[in-house]
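In: okay, predicted coordinates and the sequence, questions at the end:
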Amino acid sequence: MESRKKKEKTADGLLIFLVLLLVVCGLIFLYSTSAYNGRVKFHDSAYYFKKQLFATSLGLMGMYLVSFMDYNFLVKMAPFLYGVSLLLSLAVLLFGDEYNGSKRWLSLGPLSFQPSEFAKVAVILLLAWVITKGKEENRGILYMAGRMAILLPIVGLVGTNNLSTAVIILGIGVILIFVSNPRYLPFVGIGGVGVVFIGIFLGMASYRLERLAIWRNPEAYEKGFQTIQGLYAIGSGGIFGKGLGSSLQKLGFVPEAQNDMIFSIICEETGLAGGCLVILVFGLLIWRLMVTATHAQDLCGSLLAAGIMAHMAIQVILNIAVVTNTIPNTGITLPFISYGGTSVLFLLGEMGIALSVSRRRKD
């Protein structure tokens, strides 16, 4: 017992601070962005804020509890959790609720959630379990291809209606296998296969090809309206913004501004300075996750922290790239800030796993 207590240290205080800072700022920005839509649609300006606050409260409690758990126990549960994620993703295809042309939600009475958010966590745990079980000396191209093949069922199910999440899952897989492998050349082949795989998915649905055309010339398409208005919001914010709550674009010009386009409203209200500060906080969070991975006491802990870091980095980069029209619109939310109870719940759960790893770090 004494030796175990010596191994367990306090959780990473800076990581906790950064997560709480993002959560609090996210709630403030969400209320500012969603008040108009809430009042128009539900006659309650705090409608979205209250739902997000409830999910955030559950998520913070979950983060606290998970941070005291032994992450090795969660990794041992990985095959079961991955199986559950496959069943839930299949259920979405069969019984899911459809919004804006995509089936991404399952309803349980008055509650609804996105199984794809759970799938991201399950994939991180599964790859940590698989890689730590493998032999270190046998990690060539076939080994890596085999590990990526494990992800194909969930990528296929999720990618049918949610290509962006499928790309995130593939990205997490590539980064985790990269972290666990000292060789670099095989990743060129994996990258080529990944590009072909994404190309096939793009060609399977006409609306995805349409998004590419909209990205190249948003002014020529009616569906490019959201992108154009988002860019107007960013440009009109200037250096220091119009002031919190003073956005004009959120008044119906940017559709569903509280979702994946919330960064454009942040830039309009707080300016380039505010947008850069948000990016800086995310950068610091990703850095702390990298530090946690580096100082983990074993390979399993290192892989978990690296997987969470990969998820966070990929999602932040893709969201901001979409908002600035650097890449086609993919519907990816900004972690901790965009509206979405399922997203914030599982993101905080991931932070709990990272804190668990930091409690058992090396001296």
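Out: Yes, it's here.
In: just the helices in the stretch 101-250 of the chain please.
Out: 115-133, 141-159, 163-180, 186-203, 206-216, 225-236 (DSSP state H, counting those that start in this stretch).
In: quick one, helices of the stretch 251-363 of the chain?
Out: Using DSSP H, counting those that start in this stretch, helices in the stretch 251-363 of the chain cover 262-294, 299-323, 341-359.
In: just want the angle from the first one to helix 225-236.
Out: Here helix 262-294 runs at 80 degrees with respect to helix 225-236, directions being taken by axes from the mean of the first three to the mean of the last three Cα atoms, to 10 degrees.
In: for helix 262-294, buried residues please.
Out: For helix 262-294, a neighbour-count test (16 or more other Cβ atoms under 10 Å) marks 262-271, 274-275, 278, 281-282, 284-286, 288-289, 291-293 as buried. Using the backbone N, CA and C atoms, a C-beta is placed for each residue, glycine as well.
In: so of the helices of the stretch 101-250 of the chain, which one's packed in deepest?
Out: Highest mean neighbour count of those: helix 115-133, a mean of 23 (counted as mean count of other Cβ atoms under 10 Å).
In: residue contacts, the spatially most central residue of the chain?
Out: Among the residues of the chain, the one closest to the centroid is Q315, at 4.6 Å (Cα atoms, centre = their mean). If a contact means Cβ atoms under 8 Å, 6 or more residues apart in numbering, then Q315 has 168, 332-335 as its contacts.
In: over to V254?
Out: 226, 229-230, 233, 261, 264-265.
In: quick one: the longest strand along the chain to helix 163-180, angle?
Out: In the chain, assigned by DSSP state E, the strand with the most residues is strand 102-108. With the same axes, to 10 degrees defining the directions, strand 102-108 sits at 90 degrees from helix 163-180.
In: so where's this structure uncertain?
Out: For the chain, the stretches with pLDDT under 70 are 1-8, 99-102, 109-110, 134-141, 182-195, 197-210, 363.
In: switch the cut-off to 50
Out: 1-6 (pLDDT under 50).
In: OK, contacts around C267?
Out: 233-234, 237, 241, 274-275.
In: domains of this protein?
Out: 12-68+221-363, 76-204 (automatic domain parsing).
In: in CSV: those, plus distance to W215.
Out: Output for those, formatted as CSV (distance: least, Cβ to Cβ, whole Å):
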stretch, distance to W215
domain 12-68+221-363, 4
domain 76-204, 12
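In: looking at those, spot the one closest to R211.
Out: domain 12-68+221-363 (4.5 Å; Cβ to Cβ).
In: pick the one among the contacts of C267 closest to G252.
Out: A233 (12.3 Å).
In: isn't that closest one up against E268?
Out: Yes: assessed by Cβ atoms under 8 Å, A233 is found in contact with E268 at 4.1 Å.
In: now for those two: what residues contact both?
Out: 247, 249-250.
In: and the longest strand of the chain, what does it pack against?
Out: helix 78-95, strand 97-99, strand 111-113 (3 or more Cβ pairs under 8 Å, 6 or more residues apart in numbering; DSSP states H and E).
In: right, and those - which one's nearest P255?
Out: From the helices and strands packed on strand 102-108, taking Cβ to Cβ, the stretch that ends up closest is strand 97-99, at 12.7 Å.
In: returning to what we had before: let's have the helices and strands packed on strand 102-108 in a markdown table, adding mean neighbour count and distance to V179.
Out: Output for those, formatted as a markdown table (neighbours: other Cβ atoms under 10 Å; distance: least, Cβ to Cβ, whole Å):
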| stretch | mean neighbour count | distance to V179 |
| --- | --- | --- |
| helix 78-95 | 16 | 17 |
| strand 97-99 | 11 | 36 |
| strand 111-113 | 15 | 30 |
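In: out of the ones you listed, which comes closest to A128?
Out: helix 78-95 (7.0 Å).
In: what sits up against the closest one?
Out: Contacts of helix 78-95 (Cβ under 8 Å, 6+ apart): 103-106, 115-116, 118-119, 121-123, 125-126, 128-130, 153-154, 157-158, 160-161.
In: what angle do that helix and helix 141-159 make?
Out: Using the same axes, to 10 degrees: helix 78-95 against helix 141-159 is 40 degrees.
In: export helix 78-95 as CSV, just CAs?
Out: What follows is helix 78-95, C-alpha atoms only, in CSV (Å, rounded to 0.1, in the frame of the first residue of the first chain):
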residue,chain,number,x,y,z
ALA,A,78,-11.2,-1.6,-24.2
PRO,A,79,-12.4,-4.6,-26.3
PHE,A,80,-15.8,-4.5,-24.6
LEU,A,81,-16.1,-0.7,-25.0
TYR,A,82,-15.1,-0.9,-28.6
GLY,A,83,-17.7,-3.5,-29.2
VAL,A,84,-20.3,-1.3,-27.5
SER,A,85,-19.3,1.6,-29.8
LEU,A,86,-19.7,-0.6,-32.9
LEU,A,87,-23.2,-1.6,-31.7
LEU,A,88,-24.2,2.0,-31.0
SER,A,89,-22.8,3.2,-34.4
LEU,A,90,-24.8,0.5,-36.1
ALA,A,91,-27.9,1.5,-34.1
VAL,A,92,-27.5,5.1,-35.4
LEU,A,93,-27.7,3.8,-39.0
LEU,A,94,-30.8,1.8,-38.2
PHE,A,95,-32.7,3.9,-35.7
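In: between that helix and helix 115-133, how many degrees?
Out: 150 degrees.
In: from memory I168 sits against E117, does it?
Out: No: applying Cβ under 8 Å as the test, I168 and E117 come out as separate, 10.3 Å apart.
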